[in-house]
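Novice: here is my input, please return the structure:
(2 chains)
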Number of protein chains: 2
Amino acid sequence: MRSAAVVGTGLIGTSIALALRGRGVTTYLIDVNPEAARTAADLGAGIAGTPRGPVDLAVIAVPPRHVAAALKEHQLQGLAHDFTDAASIKELPQREADQAGCDLTRFVGGHPMGGREQSGPLAARDDLFHGRPWVLTPSVHTRAQTVERAQRLAELCRARPVVMAHAEHDRAVALTSHVPHLVSSLLAGQLLHGDPSQLGLAGQGLQDITRLAAGSADLWTDILGSNAVAVADVLAGFAQDLHQVVDALQGLGTAHEPEQRRVHTDRLTTALVRGIQGRARIPARAPATTLSTAYAAAPRGV
Amino acid sequence: MRSAAVVGTGLIGTSIALALRGRGVTTYLIDVNPEAARTAADLGAGIAGTPRGPVDLAVIAVPPRHVAAALKEHQLQGLAHDFTDAASIKELPQREADQAGCDLTRFVGGHPMGGREQSGPLAARDDLFHGRPWVLTPSVHTRAQTVERAQRLAELCRARPVVMAHAEHDRAVALTSHVPHLVSSLLAGQLLHGDPSQLGLAGQGLQDITRLAAGSADLWTDILGSNAVAVADVLAGFAQDLHQVVDALQGLGTAHEPEQRRVHTDRLTTALVRGIQGRARIPARAPATTLSTAYAAAPRGV
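Specialist: Below you'll find the model as predicted:
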């Protein structure tokens, strides 16, 4: 891959561009806000503006609800031979791109799994995706070369390309990212009920568990709203377990019989043990199912 | 303070003993499991065993439900002139100590606000409480010298003594520690429903938000069960906000009218904005209400 364009020079787009520039790819920077594109260019992320002829690959790095329109626009303008995106949900943008009449043969959904709480080009880092999964969601329409170019993009950013179905990806991120974000926000929201002397007792644990809550409310409204069904499903299971625990605690507040107390106590312990077991399932490193080997065997010049 | 005893040489007790030894206080180490006391002694935390005469201050560093019995036993044996504890709840142990007939004039509840996920003497650190609040909960019975000695203990551990009422402390830790722990556990428990390819997408955010869930299920059952009413109260508010959000997400999954969608979307945004506002209330540093100044003015030899 010799040339690329990044549409949307926020945190993710600029981080991708910085990584591509570092690997010698000629990279163009486009943003609805030209100032943002210039800021990214000033950071060494590439050339602000549109290329004269089509680049090899364009990355649509805009919020989920704007992906289809941006893809449509830049396909019509002939920005690139192939297109991918970087949105953190995959089913809705794919459907909207279809409805908008985009050329789906030359588009593959992509989701580089890196991020920070800060947003905007100034928060970008060329190593944001190092060692991270980069999910690709080819549709039945996507041609092979488009997938290969998106894999190459991931590898140039030193990420690990992973192929998944759209819905499978969306369920996975509901569980591992969207619900955790929302739970962090709801927990942090409870702190509005505390007075300063109470909050003075906060420790590192509270800092860590509310870290996600600091993310942009606009962007996360878009993400959560665009993956509403999958997020609601996971959250409903969480709410059910929560009710069990509230019930047990309220029982302990009133029960005096040892046998009754034991029943409630056991339910608390069960919830805590399930937490220990669930946490132990988070892989310390990424899973083995990547496309790195497949890509290494692919022809040059992709 | 020249001499002290620590009853219960787990993480907290051994960390206190290490800090006291580092400040030149002769420290005795007592545990129902003599092996644990010897391990702490081998780490340089003091002398395993009971002193010949009473020490200045004994710290009962055992799980909440054992505080009253251990206090009673060691008061009867004349282990120390004054006593404090280190349990993370304060109302129930105080009530149980009263019911057990402990000498409440020479006891002040204490809660050093430091900790780690690991437990046991080998996880202990002499700087575990540096700069952290150390809550003291004197009762109407507590004599002044007992409070002063407990303040001195906190300061020898380089913590910041803070006086609070028992119930006030328990509500504060329900909000800042107990509910966050339980929420972390419940969230981590949902990961039992995910398959490995889903969990492979986990990032640092999920690691951080489930970190608390790794804590000991036995100890946390005790803590949560001993503070059941305050924890249930905070958790009920959390559950209510959660329901609003599940409702909004389910609405977004079915609503097609823009006006309807906007109502649901606004509810999501509100929850996220409240999270940002709540997180902003966590003090970067500890509050000003400490007893350090008061202690500095206290007579020597306390």
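Novice: how about stretch A:219-230 and chain B, touching?
Specialist: Yes - residues of stretch A:219-230 contacting chain B under Cβ under 8 Å from any Cβ of the partner chain: A:220-221, A:224-225, A:228-229. C-betas here are computed from N, CA, C, even on glycine.
Novice: out of those, grab the one that's most surrounded.
Specialist: For those, the largest number of neighbours (other Cβ atoms under 10 Å in any protein chain shown) sits with residue A:224, at 30 neighbours.
Novice: so who does that one touch?
Specialist: Contact analysis of residue A:224 by Cβ atoms under 8 Å, 6 or more residues apart in numbering or on different chains lists A:178, A:181-182, A:231, B:249, B:268.
Novice: so which helix or strand takes in it?
Specialist: helix A:217-226 (DSSP states H and E).
Novice: likewise for residue A:45?
Specialist: Following DSSP H and E, one finds residue A:45 outside all helices and strands.
Novice: quick check: it touching residue A:19?
Specialist: No - here residue A:45 lies out of contact with residue A:19, judged by Cβ atoms under 8 Å, at a distance of 9.1 Å.
Novice: return the set of buried residues in stretch A:27-44.
Specialist: Going by neighbour count (16 or more other Cβ atoms under 10 Å in any protein chain shown), the buried part of stretch A:27-44 is A:27-31, A:36-41, A:43.
Novice: among these, which lie within strands?
Specialist: Counting by DSSP state E, the members of the buried residues of stretch A:27-44 that fall within strands are A:27-30.
Novice: from those, which is closest to residue A:209?
Specialist: The shortest approach to residue A:209 among these belongs to residue A:29, at 36.0 Å (Cβ to Cβ).
Novice: show the model's pLDDT score for that closest one.
Specialist: At residue A:29, the pLDDT value in this model is 98.
Novice: wait, what's in contact with the closest residue to it other than its chain neighbours?
Specialist: Ranked by Cβ to Cβ, 6 or more residues apart in numbering or on different chains and with sequence neighbours excluded, the top spatial neighbour of residue A:29 is residue A:37, at 4.4 Å. Contact criterion Cβ under 8 Å, 6+ apart gives A:9, A:29-31, A:48-49 as the residues in contact with residue A:37.
Novice: would you check how far apart residue A:37 and chain B are?
Specialist: Using Cβ to the nearest Cβ, to the nearest Å, residue A:37 is found at 27 Å from chain B.
Novice: picking that back up, whichever helix or strand comes after the helix holding residue A:224 - contacts with which helices or strands?
Specialist: From helix A:217-226 onward toward the C-terminus, using DSSP H and E, the following helix or strand is helix A:228-254. For helix A:228-254, the packing partners by 3 or more Cβ pairs under 8 Å, 6 or more residues apart in numbering or on different chains; DSSP states H and E come out as helix A:166-173, helix A:179-190, helix A:258-280, helix B:179-190, helix B:217-226, helix B:228-254.
Novice: so which bits of helix A:228-254 are buried?
Specialist: Going by neighbour count (16+ other Cβ under 10 Å), the buried part of helix A:228-254 is A:228-235, A:237-239, A:241-242, A:245-246, A:248-253.
Novice: again, but for stretch A:47-57
Specialist: The neighbour-count criterion (16+ other Cβ under 10 Å) identifies A:47-48, A:51, A:54-57 as the buried residues of stretch A:47-57.
Novice: next one: stretch A:125-141
Specialist: Within stretch A:125-141, the residues that count as buried by 16+ other Cβ under 10 Å are A:126, A:128-129, A:132-139.
Novice: same check, this time on stretch A:108-119
Specialist: A:108-115, A:119.
Novice: nearest to chain B among the residues you listed?
Specialist: If you rank the buried residues of stretch A:108-119 by distance to chain B using Cβ to the nearest Cβ, residue A:113 comes first, at 5.7 Å.
Novice: residue contacts, that closest one?
Specialist: Residue A:113 makes contacts with A:129, A:132-135, A:159, B:201, B:203, as judged by Cβ under 8 Å, 6+ apart.
Novice: what helix or strand does the residue nearest the centre of chain A sit in?
Specialist: Chain A has residue A:88 as the residue nearest its centroid, 3.7 Å off, counting by Cα atoms, centre = their mean. Assigning secondary structure by DSSP H and E places residue A:88 outside every helix and strand.
Novice: leaving out chain neighbours, which residue sits closest to residue A:60?
Specialist: Using Cβ to Cβ, 6+ apart and skipping residues adjacent in sequence, the residue nearest residue A:60 is residue A:85, 4.2 Å away.
Novice: correct me if wrong: the one you found contacts residue A:59.
Specialist: Yes - applying Cβ under 8 Å, one finds residue A:85 in contact with residue A:59, separated by 7.0 Å.
Novice: so those two - more neighbours on which side?
Specialist: residue A:85 (29 against 25).
Novice: is the helix or strand that contains residue A:18 anywhere near chain B?
Specialist: Mapping residue A:18 onto the secondary structure by DSSP H and E places it in helix A:11-22. No - with Cβ under 8 Å from any Cβ as the criterion, chain B is not reached by helix A:11-22; the gap is at least 13.4 Å.
Novice: what helices and strands are in contact with that helix?
Specialist: Helix A:11-22 is packed against strand A:3-7, strand A:26-30, helix A:34-42, helix A:144-156, with contacts defined by 3+ Cβ pairs under 8 Å, 6+ apart.
Novice: mind doing that once more with 6 Å?
Specialist: Here helix A:11-22 touches strand A:3-7, strand A:26-30, going by 3 or more Cβ pairs under 6 Å, 6 or more residues apart in numbering or on different chains; DSSP states H and E.
Novice: where does the closest residue to chain B within the stretch 51-200 of chain A land on pLDDT?
Specialist: Going by Cβ to the nearest Cβ, chain B is nearest to residue A:185 of the stretch 51-200 of chain A, at 3.0 Å. At residue A:185, the pLDDT value in this model is 98.
Novice: hang on, it packs against residue A:213?
Specialist: Yes - distance between residue A:185 and residue A:213: 4.4 Å, which falls inside the contact criterion (Cβ atoms under 6 Å).
Novice: between these two, what contacts are shared?
Specialist: The contact sets of residue A:185 and residue A:213 overlap at residue B:275 (Cβ atoms under 6 Å, 6 or more residues apart in numbering or on different chains).
Novice: the residue lying closest to residue A:143 once chain neighbours are set aside: neighbouring residues, count only.
Specialist: Once its chain neighbours are removed from consideration, residue A:143 has its nearest residue in residue A:105; the separation is 4.9 Å (Cβ to Cβ, 6+ apart). Other residues within reach of residue A:105 by the criterion other Cβ under 10 Å amount to 13.
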